[in-house]
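Trainee: Kindly return the folded structure for what I paste below:
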Amino acid sequence: MPRVEGLRSPYDKTVGGLHHLGRMCDKIRLQQAGKLPEHFQRNYGLSIGLDGQLCGFLDVKFEDVEAKVKAGLPDTEVAEWIFSTGLRPSRMQTHVWNEHSRKIGWNDRVSAYLASVRQEPEWAHITAVSSFDIIEQSEEREPPAMKG
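Mentor: Down below sits the predicted model:
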């Protein structure tokens, strides 16, 4: 699956210093514009997916974040709204989220699901085991850990 125009890497930390927050905002904007590819629909906003885990960590509802993004707030204002409504993570909390999120799927409850996804023909070329790295490979980016 090729890279989606306007969709950041989950490794991007330019919004609030957190992995995936910018990508979540991008997905919401793409969904609103009718440009979010179909294969993203199955995990969009789900509590068990990256969107839901990040919202759970930040103690906000995905639907509320979605409403702010759809209202046209820029990323910095979305992040500030989240931090003033839910959790404003400390440096250590930010570090914990970033380390946790980049390892989802590596030897945890998500591992079996990702293994089954890699069995699908369109994912057969994927060798990564974490969610982030599978996303990177599927969107034709080299995961940071694999860069030479």
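
Trainee: show me what contacts the residue positioned nearest the centre of the chain?
Mentor: The structure's the chain has its C-alpha centroid closest to His20; by Cα atoms, centre = their mean the separation is 3.8 Å. Contact analysis of His20 by Cβ atoms under 8 Å, 6 or more residues apart in numbering lists Pro10, Asp12, Leu50, Asp51, Leu54, Ser101. Every residue, glycine included, has its C-beta placed from N, CA and C.

Trainee: Quick check: the gap between the last one and Ala128.
Mentor: For Ser101, the distance to Ala128 (Cβ to Cβ, to the nearest Å) stands at 15 Å.

Trainee: Show me the helices in this structure, by range?
Mentor: Here the chain has its helices, by DSSP state H, at 21-32, 50-58, 62-70, 75-85, 91-102, 111-117, 131-138.

Trainee: Need the contact partners of the third one.
Mentor: Spelled out, it's helix 62-70. So helix 62-70 is contacted by 24-25, 28-29, 32, 45, 47, 51-52, 55, 77-78, 81-82, 85 (Cβ under 8 Å, 6+ apart).

Trainee: ok so, going back, name the member of the contacts of His20 with the most neighbours.
Mentor: Sorting those by how many neighbours each has (other Cβ atoms under 10 Å) puts Pro10 first, at 26 neighbours.
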